[in-house]
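A.B. asks: this is the structure alone, sequence omitted:
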């Protein structure tokens, strides 16, 4: 009888803890666009299947972290640092270098164009952040190239500045 009494609260505590741990993931999923959300659901299903080997599981977890926390770092937040990820890609897939170099040029062009447009429009980082619905540090990080914005963020910034996304982020060189 004593054991049964102790196990019920333990189960309830465990469930409460599980919900607390899951809530940031659920909230991050809520922020994803529909296409990424569907990909995330598929990845969660693969994890739940128990059919992945350790390497596949780690890759799946890394991809989920990137979907849910695209600008995360190693300060306790899930995700992979952009510079580290690009370094790993260059080391493991040398043919990726031209693609990564092109992305780097696009990112540099974006930061230059964003800065110039903000100057033309007389907008501060805080004002643009408010229009876009992000924090001022996010704008600063994009301008300093310490994070790469998602496509939806580029579209929101373009809308806020009255330009097209291609005016900010150049298309990939063909």
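C.D. replies: Good, I have the coordinates. Predicted model only: the values in this text are computed from it and were never measured.

A.B. asks: how far does the helix ranked longest in the chain sit from its chain's centre?
C.D. replies: Ordering each helix of the chain by length in residues (DSSP state H) puts helix 2-31 first. Taking CA atoms, centre = their mean, to the nearest Å, one finds helix 2-31 lying 26 Å from the centre of the chain it belongs to.

A.B. asks: would you map the helices across this protein?
C.D. replies: In the chain, the segments counted as helices under DSSP H are 2-31, 34-49, 54-68, 82-92, 97-121, 125-132, 136-143, 151-161, 165-168.

A.B. asks: so can I have CSV of those showing mean pLDDT?
C.D. replies: Converted to CSV, those look like this (pLDDT from 0 to 100):
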stretch, mean pLDDT
helix 2-31, 76
helix 34-49, 85
helix 54-68, 78
helix 82-92, 75
helix 97-121, 91
helix 125-132, 92
helix 136-143, 86
helix 151-161, 91
helix 165-168, 93
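
A.B. asks: need those in TSV with mean neighbour count, can you?
C.D. replies: Quick note: C-beta positions are derived from backbone N, CA and C, even for glycine. Rendered in TSV, the data for the helices of the chain read as follows (neighbours: other CB atoms under 10 Å):
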stretch	mean neighbour count
helix 2-31	10
helix 34-49	13
helix 54-68	15
helix 82-92	13
helix 97-121	14
helix 125-132	17
helix 136-143	18
helix 151-161	17
helix 165-168	15
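
A.B. asks: tell me the contacts of residue 164?
C.D. replies: Neighbouring residues of residue 164 by CB atoms under 8 Å, 6 or more residues apart in numbering: residue 158.

A.B. asks: tell me how far it lies from residue 130.
C.D. replies: According to CB to CB, to the nearest Å, residue 164 stands 21 Å off from residue 130.
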